[in-house]
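1. Below are the sequence and a predicted model for it; my questions follow.
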Amino acid sequence: MPAATPDLSLVIPVYNEADSLPTLLAEIASALDGAGRSYEVVAVDDGSTDGSLETLKRLKGDHPQLHIVAFERNAGQTAAFAAGFRAARGRVVVTLDADLQNDPADVPRVVEALERTGATAVAGYRAARHDSAWKLLQSRIANGVRNWLNGEAIRDTGCSLKAFRADAVRALPLFSGMHRFLPTLIKMHGGTVAEVPVSHRPRRFGVTKYGMWNRVFRSLADAFAVRWMQRRALTYRVREELE
């Protein structure tokens, strides 16, 4: 018999995060077990080379909610999100990073905000960042560039902790780099976006996957692509349809 549809699907790209995965899944269980919501964790291994996939397989024995998708080779974070969205069965999809800088304890907060506001998506913004001054500067520049080019006012486009209505996020056209623009794409398709503050924690394991090139310069190119899409998006409303 097919499993019942869960309330929530947590979609998590994984790229060389073997050390953080046991803690991540334990914290998710602590935040959601007994909270009155059924959930699944869709972990998408993006061609990791540090044993992350083997770690996920081992952890599945203790975490039956875990659904593993494994790429043949590294394809990037947007591809991992896209695969996770396709695999997700929940009515609400929550995205977060695997590096423990997003706090799973904030997941109920973003889901509650989605339900309370009636929005199509809720974007978390990191109220107190725990990053180096150099990384903060890069992020501030990249965020400003994206918002300026796309006519947006999203506080923190780089924060992965977001909640979406599943049917809306599955309908989005995704290309490389588009994971940074999910709220903008939601608005382009007639949806609404709310924002809530979320926690941010220092990195405990591994190193960041982003530097100046893909945080600022790639963001500039991707923002121009989204701007092109915004200007050419089809906008119409059907007054009536008769059969």
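-> Yes, it's here.
2. helices and strands of this protein: which one bottoms out on pLDDT?
-> Of all helical and strand segments in the chain, the minimum by mean pLDDT, DSSP states H and E falls on helix 212, at a mean of 51.
3. where does this protein dip in pLDDT?
-> By pLDDT under 70, the weakly predicted segments of the chain are 1-3, 128-153, 206-217, 219-221, 224, 226, 228, 230, 232-234, 236.
4. show me where it has strands.
-> 8-14, 39-45, 66-70, 92-95, 121-126, 162-165, 193-198 (DSSP state E).
5. which helices and strands does the third one pack with?
-> In this structure, strand 66-70 packs against strand 39-45, helix 52-59, helix 77-87, with contacts taken as 3 or more CB pairs under 8 Å, 6 or more residues apart in numbering; DSSP states H and E. (C-beta placed from N, C-alpha, C; glycine too.)
6. wait, which of these is closest to Glu112?
-> When the helices and strands packed on strand 66-70 are compared for distance to Glu112 using CB to CB, the nearest one is strand 39-45, at 14.1 Å.
7. Just give me the residue closest to the centre of the chain.
-> Centroid-nearest residue in the chain: Thr95, 3.2 Å away (criterion: CA atoms, centre = their mean).
8. Contacts only, for that one.
-> For Thr95, the contact set (CB atoms under 8 Å, 6 or more residues apart in numbering) comprises 10-12, 81, 84, 160-164, 182.
9. rerun that using 6 Å as the cut-off
-> Shown in contact with Thr95 (CB atoms under 6 Å, 6 or more residues apart in numbering): 11, 160, 162.
10. how close does it sit to Ala4?
-> 22 Å (CB to CB, to the nearest Å).
11. cool, Tyr39 as well?
-> For Tyr39, the distance to Ala4 (CB to CB) stands at 12 Å.
12. Leu174 now?
-> Taken as CB to CB, the span from Leu174 to Ala4 is 28 Å.
13. Between the two, point out the one with more neighbours.
-> Remark: of Leu174 and Ala4, Leu174 carries more neighbours, 18 against 8, as counted by other CB atoms under 10 Å.
14. Identify the residue spatially nearest to the more buried one, adjacent ones excluded.
-> Ala82 (4.7 Å; CB to CB, 6 or more residues apart in numbering).
15. And for that neighbour, the neighbour number?
-> For Ala82, the neighbour count with other CB under 10 Å is 22.
16. now do Ala18
-> By other CB under 10 Å, the residues close to Ala18 number 19.
17. Quick one: end-to-end length of stretch 36-50, please.
-> End-to-end distance of stretch 36-50 (CA to CA, to the nearest Å): 35 Å.
18. Show me what it is in contact with.
-> Taking CB under 6 Å, 6+ apart as the rule, stretch 36-50 contacts 6-16, 18, 32, 52-53, 56, 65-71, 73-74, 80, 83-84, 87-88.
19. PyMOL command for the buried members of those residues?
-> Provided next is the PyMOL selection string for whichever of the contacts of stretch 36-50 are buried by 16 or more other CB atoms under 10 Å:
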select buried, resi 6+7+8+9+10+11+12+13+14+15+16+18+32+52+53+56+65+66+67+68+69+70+71+80+83+84+87+88
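20. Could you report the separation of Leu25 from Pro13?
-> 15 Å.
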